[in-house]
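Enquirer: I would like to see how this sequence folds:
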Amino acid sequence: MPLTADRAKPAVPFAGGYRLIDFAMSNLVNSGYLQIVVLTQYKSHSLDRHISETWRLSPQLGNYVASVPAQQRVGKSWFLGSANAIYQSLNLIYDAQPEIVVVVGADHVYRMDFEQMVQSHIASGAKATVAAVRQPLDMANQFGVIETDPGAPGMIKAFVEKPETTPGLPDDPQQFLASMGNYVFDAHALVDALKADAERLDTKHDMGGDIIPFFVERGEAGVYDFTKNEIPGATDRDRTYWRDVGTLDSFYDAHMDLISPLPVFNLYNLEWPIYTHQTVSPPAKFVRGAGGTVGTALDSIVSNGSVISGGIVEGSVLSHDVRVDSAARVLDSVLMDCVRVGSGAVVNRAIVDKNVVIPPGATVGVDEKLDRLRGFEVTASGITVLSKGQEVPEPDGDERRLAAAWLAKLPKSLEEIAAGMPEVAEKIQEKHATAARAARGEPTDDGASAPSAATHTRH
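Expert: Coordinates of the predicted model:
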């Protein structure tokens, strides 16, 4: 995948200023769990750096966040799966001597109080407990499915990986329980299960695929229904929000969940904050550009350091230090740190990773065939994806005309207003037509022309 070509998935930027791992880490810290180990292996440099710069707790109080790479402590292999990663790191459990171990995936978007899950685990008497989120039946083939015991609904009868069909829930036949990838174990039981798994030949050494079934077979696995989790400051609209962002389309959709006036997932719940590294970038700025167009952002998240200089941003999420130049248009897109959108360029339904420079008059996400010819990835739903630092070629005349046609359109948010005020619509379109001519390098009445796209990077 383009976004993980240069980094581990938990280190992928999300929602402007965060990394995916920040959601799991914030949930643990907000739950009062302050002794945390992060097991890393795949392209972990940016993840390790983010953890070291962001997640520093006080060792004087016995708190820590430790990033632990694969060390080949057991044999000559690297981590062979999520269960094997913990097995090779059992020394950490022996040193800390906990009674309970909480295992959390680091690439999902949600809020959760793990203390409530731990208390439910202790009360149930189970040796292992799996957090479960309710999902529609037609999505059963995308998740690990939890089937409960009718006589003991808090215990797992079967754990099936991505089945074609599964029974609905007794209280909602159109839904099933999907594993969230979060687990609570009695420490001694987890150690025994990991040792047994390490001796087997018929195993993928996976927590969900091998360790949980180990406990299910013994009648020792319980389930924790995520709908019971209460988060301070949450609303009925976002309290049970959980997103697996393992695909490019789901990653894009999760961003679109953030930008409505009443978002499905609310980043602004300060009673259960999501923590991250704070940059030294100045505040975002919106100014007029060449040709008189006004820098505008509508229904969008714009992070610190970004400058909208005469461009229009609609329904998008911009990370730190993004530049959108005169008459450029960014629509329904996700732009990561230090992306530059040149004058008169158009970005539509796209994910653009860090340090990409889009030349003046170029298009991304406007013509799917053109995007594929240039080596851009396009998802099944039509999202164009550019990887970190990927080169965008200078546009030819046809592409510049295509961009100019898009620039002449009114912003979606102004269409309704303009319908009742045609004179306003005419003036807006005149401004954009002038800016579009400038973007194509043509002379304009005010002498405006497209500025060049300067390069700026963040690693």
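Enquirer: wait, doesn't T227 sit right on D236?
Expert: No. Assessed by CB atoms under 8 Å, T227 is found out of contact with D236, at 10.8 Å. Yep, even glycine has a C-beta here, placed from its N, CA and C like the rest.
Enquirer: ok, the two, which is more surrounded?
Expert: The neighbour count for T227 versus D236, taken as other CB atoms under 10 Å, is higher for T227 (12 against 6).
Enquirer: for the spatially closest residue to that one that is not a sequence neighbour, list the residues it contacts.
Expert: Using CB to CB, 6 or more residues apart in numbering and skipping the chain neighbours, the partner closest in space to T227 is T240 (5.4 Å). T240 is in contact with 133-134, 226-227, 229, counting by CB atoms under 8 Å, 6 or more residues apart in numbering.
Enquirer: tell me the phi and psi of T240?
Expert: Backbone torsions for T240, taken as degrees, to the nearest 10, come to phi -110, psi 20.
Enquirer: give me the pLDDT for it.
Expert: Reported pLDDT at T240 in the predicted model: 94.
Enquirer: could you do the one 3 residues further on as well?
Expert: Per-residue confidence for R243 comes out at a pLDDT of 94.
Enquirer: could we number from 345 for the rest of this?
Expert: Understood, numbering begins at 345; the last thing we discussed is R587.
Enquirer: whatever helix or strand it lives in packs against which elements?
Expert: Applying DSSP states H and E as the criterion places R587 in strand 586-588. On a contact count with 3 or more CB pairs under 8 Å, 6 or more residues apart in numbering; DSSP states H and E, strand 586-588 meets strand 452-454, helix 592-600.
Enquirer: want to throw these into CSV with mean neighbour count?
Expert: Formatted as CSV, these follow (neighbours: other CB atoms under 10 Å):
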stretch, mean neighbour count
strand 452-454, 22
helix 592-600, 19
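Enquirer: quick check: which of these is nearest to P703?
Expert: Across those, P703 has its closest neighbour in helix 592-600 (23.5 Å, CB to CB).
Enquirer: so what are the sheet partners of the longest strand seen in the chain and their directions?
Expert: Across the chain, the longest stretch assigned as strand under DSSP state E is strand 519-530. The sheet places strand 519-530 alongside strand 444-448 (antiparallel), strand 472-480 (antiparallel), strand 488-493 (antiparallel), with pairing taken from DSSP bridges.
Enquirer: report the beta-bridge partners for the most centrally placed residue in the chain.
Expert: Residue closest to the mean C-alpha point of the chain, counted by CA atoms, centre = their mean, is F358 at 4.4 Å. Beta bridges link F358 to Y362 when assigned by DSSP bridges.
Enquirer: separation between L614 and L534?
Expert: Here the criterion is CB to CB, to the nearest Å. By it, L614 lies 35 Å from L534.
Enquirer: higher neighbour count, those two?
Expert: Each of L614 and L534 has its neighbours counted (other CB under 10 Å); L534 has more, 26 against 9.
Enquirer: against D457, how distant is that one?
Expert: Taking CB to CB, one finds L534 at 21 Å from D457.
Enquirer: same check, this time on S660
Expert: Separation of S660 from D457 (CB to CB) stands at 31 Å.
Enquirer: who has more neighbours out of the two?
Expert: Remark: of S660 and D457, S660 carries more neighbours, 27 against 18, as counted by other CB under 10 Å.
Enquirer: quick one: distance of the longest strand of the chain to the chain centre.
Expert: Centroid separation for strand 519-530 versus its chain: 20 Å, with CA atoms, centre = their mean, to the nearest Å.
Enquirer: stretch 353-360 too?
Expert: Counting by CA atoms, centre = their mean, stretch 353-360 is centred 5 Å from the centre of its parent chain.
Enquirer: and if you look at stretch 580-587?
Expert: The chain centre lies 15 Å from the centre of stretch 580-587; the measure is CA atoms, centre = their mean.
Enquirer: next: stretch 430-438.
Expert: Offset of stretch 430-438 from its chain centre (CA atoms, centre = their mean): 29 Å.
Enquirer: pull the residues that contact that stretch.
Expert: 381, 383, 410, 412, 414-418, 423, 445, 447, 531, 534-535, 538-539, 541-542, 549, 551.
Enquirer: could I get the full set of helices for the chain?
Expert: Counting by DSSP state H, the chain has helices at residues 365-374, 389-398, 426-431, 434-440, 458-468, 531-543, 556-561, 592-600, 712-717, 741-751, 756-764, 766-783.
Enquirer: would JSON lines of those helices with distance to H452 and mean pLDDT be doable?
Expert: JSON lines is the format used below for the helices of the chain (distance: least, CB to CB, whole Å; pLDDT from 0 to 100):
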{"stretch": "helix 365-374", "distance to H452": "7", "mean pLDDT": "98"}
{"stretch": "helix 389-398", "distance to H452": "15", "mean pLDDT": "95"}
{"stretch": "helix 426-431", "distance to H452": "14", "mean pLDDT": "93"}
{"stretch": "helix 434-440", "distance to H452": "23", "mean pLDDT": "95"}
{"stretch": "helix 458-468", "distance to H452": "13", "mean pLDDT": "98"}
{"stretch": "helix 531-543", "distance to H452": "21", "mean pLDDT": "97"}
{"stretch": "helix 556-561", "distance to H452": "17", "mean pLDDT": "96"}
{"stretch": "helix 592-600", "distance to H452": "10", "mean pLDDT": "97"}
{"stretch": "helix 712-717", "distance to H452": "29", "mean pLDDT": "97"}
{"stretch": "helix 741-751", "distance to H452": "35", "mean pLDDT": "91"}
{"stretch": "helix 756-764", "distance to H452": "31", "mean pLDDT": "65"}
{"stretch": "helix 766-783", "distance to H452": "40", "mean pLDDT": "64"}
